[in-house]
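Engineer: Okay, sequence plus prediction incoming.
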Amino acid sequence: MTSTLRPATTTGAVKRPDRWLALSVLVLAVLLVAVDATVLGLATPYITEDLQPSGTQLLWIGDVYSFVIAGLLVSMGSLGDRIGRKRILLMGATAFGLISVLNAYATTPELMIAARALLGVAGATLMPATLALIRNLFHDPRERSLAVGIWGATASAGTAVGPIVGGFLLEHFWWGSVFLINMPVMVVLVVVGIRTLPESRTPNPGPWDLSSVLLSLVGMIGVVYAVKEAATHGVTGIALGTGLLGAAALYGFVRRQLTLPAPLLDMRLFRNRGFSGAVLADLLTILGLSGLVFFLSQYLQLVQGRRPFEAGLAELPAAVGAVVAGLLAGRAARRFSVRAVVSGGLAAIGLALALLTTIDGSTGYPLLGAALLVVGVGAGLSFTVTADVILSSVPKEQAGAASAVSETAYELGAALGIAVLGSIVTGVYRGFPAPAGTPQGAHESLGGAVEAAAHMPPTAAGTMLSSARDAFVHGLTAASATGAAVLLATALAAWFLLKPQHLHPTN
């Protein structure tokens with residue numbers, strides 16, 4: 001069947017005069033999540049020094065948020081369809097702000113992991129609700145494309161605001177302060193959102209099936225955990241058993257959705273080739289990018305010796321490129337084609353990641369800045385257009401479910417990417433040669449090596465740190481090579497999967 005997008009009918013649809021003000025509230029929620037994701041990477045060296053997590057615990061701190069949010073997005077998107085998207089957005093934003101305080105004052109690695117998991121529960125309510133409300137606020141396809149572009153550009157702006165503000169805070173306060181910046185954003189979001197956001201829900205949605213919620217959560221977490229364990233320790237009995245449990249739960253989830261009169265997720269959405277292609281492209285893109293995002297801040301600080309604020313500024317080109325490209329993506333997709341813009345954006349990211357395989361500890365900033373700018377432009381083009389494709393391919397009553405699938409793909413890709421690419425970096429790093437007497441913690445993470453060097457004789461410390469930094473860079477370039485291969489393959493797949501797609505022409 002053809003999957004050419006058809007615009008939602010605007011017959012009888014009334015344009016809300018405050019729809020753009022309402023959009024500003026929705027993008028605040030996006031900003032909240034984007035800032036949180038970026039400041040974690042910047043704060044990782046300080047968290048490592050203070051909490052002294054093992055290498056495995058450090059990866060869990062980085063990806064448990066994505067694990068939980070990936071497992072709950074579909075369920076929370078469906079819950080929003082039932083109880084009201086405005087209600088669940090405001091509840092989630094409030095919880096997100098409050099749980100951020102728990103993250104800020106975590107005193108052990110275990111408490112930090114638990115706080116990140118709880119933040120994932122709150123975060124699962126935000127992203128599907130924002131996209132679904134955009135679908136219901138903007139009936140005109142041209143306005144909706146612009147709104148989605150602003151939504152995506154704000155997420156990219158958050159990746160710039162997070163490191164810069166976070167870097168400033170890290171230089172003047174303790175690492176927990178980077179999580180407390182969520183509080184004022186949350187307060188503004190809730191206060192303004194109560195007055196401006198319209199409520200929307202699916203009429204006669206049926207009950208919220210708790211069995212489906214449990215199957216989805218167990219399935220997603222089980223599969224991602226199995227991949228993480230296999231990437232770190234090989235195919236062990238625990239990894240195999242967890243993976244089989246997760247796969248069985250996901251199979252049960254799909255079977256149950258096909259039989260329920262009011263499923264949490266309408267599986268017929270995947271019959272649309274454009275919808276399926278866009279979701280797959282998002283998942284693989286973020287999988288290939290996530291290793292770079294998670295480890296780049298550590299490279300800038302612990303290898304190149306930049307201060308946190310300087311490291312945040314160094315990452316700015318990626319955000320600037322994504323903001324500009326996101327605002328122009330809809331117009332470009334109409335002038336050329338959906339598949340040209342998405343495939344071109346993904347190929348650009350792949351080539352930029354390939355360029356990063358040439359870096360070493362002394363690589364100059366022009367190469368890094370140029371590569372990050374290209375990554376940002378490619379991501380802004382591809383993510384904005386795929387979000388528009390996903391929203392436009394479903395009736396507005398299913399916007400919450402479609403948005404949840406989109407965000408699940410994003411978070412699942414992030415979790416898998418950190419698990420697989422992060423394990424590549426960690427695996428290469430752990431084997432570095434070190435002088436006799438080097439503490440075991442130095443082999444767990446580069447932050448651990450920096451901490452260990454402070455308690456070693458100067459000559460031995462210098463030798464150990466040089467070896468550790470070289471190993472970390474080798475791991476990072478290996479992860480970049482893997483990411484480049486994934487992105488280039490995804491660009492080729494998107495070229496074929498999105499062939500019939502087009503966005504509604506402007507008037």
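Structural biologist: That came in fine, so what should we check first?
Engineer: Does anything pack onto the biggest helix by length in the chain? Which helices or strands?
Structural biologist: For the chain, the longest helix by residue count, based on DSSP state H, is helix 458-497. For helix 458-497, the elements it packs on are helix 273-298, helix 338-356, helix 399-430, helix 446-453, judged by 3 or more CB pairs under 8 Å, 6 or more residues apart in numbering; DSSP states H and E. C-beta coordinates here come from the backbone N, C-alpha and C atoms, glycine included.
Engineer: lowest-confidence stretch among these?
Structural biologist: Lowest mean pLDDT of the helices and strands packed on helix 458-497: helix 399-430, a mean of 74.
Engineer: What helices and strands are in contact with that helix?
Structural biologist: helix 55-83, helix 126-137, helix 210-233, helix 273-298, helix 365-392, helix 458-497.
Engineer: where in the stretch 101-250 of the chain is pLDDT low?
Structural biologist: 155-161, 163, 202-206, 231-233 (pLDDT under 70).
Engineer: Check whether residue 207 really touches residue 261, as I assumed.
Structural biologist: No: the pair residue 207 / residue 261 is not scored as a contact, 9.7 Å apart, by CB atoms under 8 Å.
Engineer: Compare the two (neighbour count), which wins?
Structural biologist: Counted by other CB atoms under 10 Å, residue 207 and residue 261 do not tie: residue 207 has more neighbours, with 9 against 6.
Engineer: before we move on, back to that, now, of the helices and strands packed on helix 399-430, which is deepest in the fold?
Structural biologist: The highest mean neighbour count among the helices and strands packed on helix 399-430, using mean count of other CB atoms under 10 Å, belongs to helix 126-137: a mean of 27.
Engineer: That one: what's the following helix or strand?
Structural biologist: helix 141-172 (DSSP states H and E).
Engineer: Show me which positions of whichever helix or strand comes after that following helix end up buried.
Structural biologist: Downstream of helix 141-172, the first helix or strand assigned by DSSP H and E is helix 177-180. Buried residues in helix 177-180, counted by 16 or more other CB atoms under 10 Å: 177, 178, 179, 180.
Engineer: Throw those residues into TSV and include distance to residue 469, thanks.
Structural biologist: Shown next, in TSV, are the buried residues of helix 177-180 (distance: CB to CB, whole Å):
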residue	distance to residue 469
177	27
178	24
179	28
180	31
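Engineer: Tell me the one of the residues you listed nearest residue 393?
Structural biologist: Of all the buried residues of helix 177-180, residue 179 has the smallest distance to residue 393: 36.3 Å, by CB to CB.
Engineer: related to what we said a few turns ago, out of the helices and strands packed on helix 458-497, which is closest to residue 21?
Structural biologist: helix 399-430 (19.9 Å).
Engineer: what angle do that closest one and helix 273-298 make?
Structural biologist: Orientation of helix 399-430 against helix 273-298 (axes from the mean of the first three to the mean of the last three CA atoms, to 10 degrees) gives an angle of 40 degrees.
Engineer: so how far is helix 399-430 off the chain centroid?
Structural biologist: Remark: helix 399-430 is offset 7 Å from the chain centroid, using CA atoms, centre = their mean, to the nearest Å.
Engineer: And it, what's buried?
Structural biologist: Counting neighbours by 16+ other CB under 10 Å, helix 399-430 gives 399-426, 428-429 as buried.
Engineer: Next, the angle helix 55-83 makes with it.
Structural biologist: Computed by the same axes, to 10 degrees, the angle between helix 399-430 and helix 55-83 is 180 degrees.
Engineer: on that earlier part again, please name whichever of the helices and strands packed on helix 458-497 is nearest to residue 20.
Structural biologist: That would be helix 399-430 among the helices and strands packed on helix 458-497, by CB to CB, at 18.5 Å.
Engineer: re earlier: generate TSV for the helices and strands packed on helix 399-430, with distance to residue 443 as supplementary columns.
Structural biologist: Shown next, in TSV, are the helices and strands packed on helix 399-430 (distance: least, CB to CB, whole Å):
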stretch	distance to residue 443
helix 55-83	8
helix 126-137	37
helix 210-233	14
helix 273-298	15
helix 365-392	27
helix 458-497	8
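Engineer: Of all those, which one is nearest residue 145?
Structural biologist: In terms of CB to CB, the element of the helices and strands packed on helix 399-430 nearest to residue 145 is helix 365-392, at 5.4 Å.
Engineer: how far away is residue 49 from residue 59?
Structural biologist: According to CB to CB, to the nearest Å, residue 49 and residue 59 sit 17 Å apart.
Engineer: brain fart, residue 104
Structural biologist: Residue 104 is 21 Å from residue 59, by CB to CB.
Engineer: repeat for residue 189
Structural biologist: From residue 189 to residue 59 the distance is 30 Å (CB to CB).
Engineer: Give me the angle between the longest helix of the chain and helix 273-298.
Structural biologist: Orientation of helix 458-497 against helix 273-298 (the same axes, to 10 degrees) gives an angle of 170 degrees.
Engineer: orientation of helix 458-497 relative to helix 365-392 in degrees?
Structural biologist: 40 degrees.
Engineer: Per the annotation, how does the chain divide into domains?
Structural biologist: Following automatic domain parsing, one finds the domains of the chain at 19-208+264-497, 209-263.
Engineer: in the helix or strand residue 20 falls within, what counts as buried?
Structural biologist: Per DSSP H and E: residue 20 is located in helix 19-51. Using 16+ other CB under 10 Å as the burial criterion, the residues of helix 19-51 that qualify are 19, 22-48, 50-51.
Engineer: so who does the residue nearest to residue 425 when sequence neighbours are not counted touch?
Structural biologist: Closest residue to residue 425 apart from its sequence neighbours, by CB to CB, 6 or more residues apart in numbering: residue 475 at 3.7 Å. The contact partners of residue 475, taken as CB atoms under 8 Å, 6 or more residues apart in numbering, are 295, 424, 425, 426, 427, 428, 429.
Engineer: go with 6 Å
Structural biologist: Going by CB atoms under 6 Å, 6 or more residues apart in numbering, residue 475 touches 425, 428, 429.
Engineer: Minimum distance to residue 235: which of the helices and strands packed on helix 458-497 has it?
Structural biologist: helix 399-430 (13.1 Å).
Engineer: Now do the closest one and helix 126-137, the angle between them.
Structural biologist: Using the same axes, to 10 degrees: helix 399-430 against helix 126-137 is 150 degrees.
Engineer: quick one, helix 399-430 and helix 210-233 angle?
Structural biologist: Using the same axes, to 10 degrees: helix 399-430 against helix 210-233 is 20 degrees.
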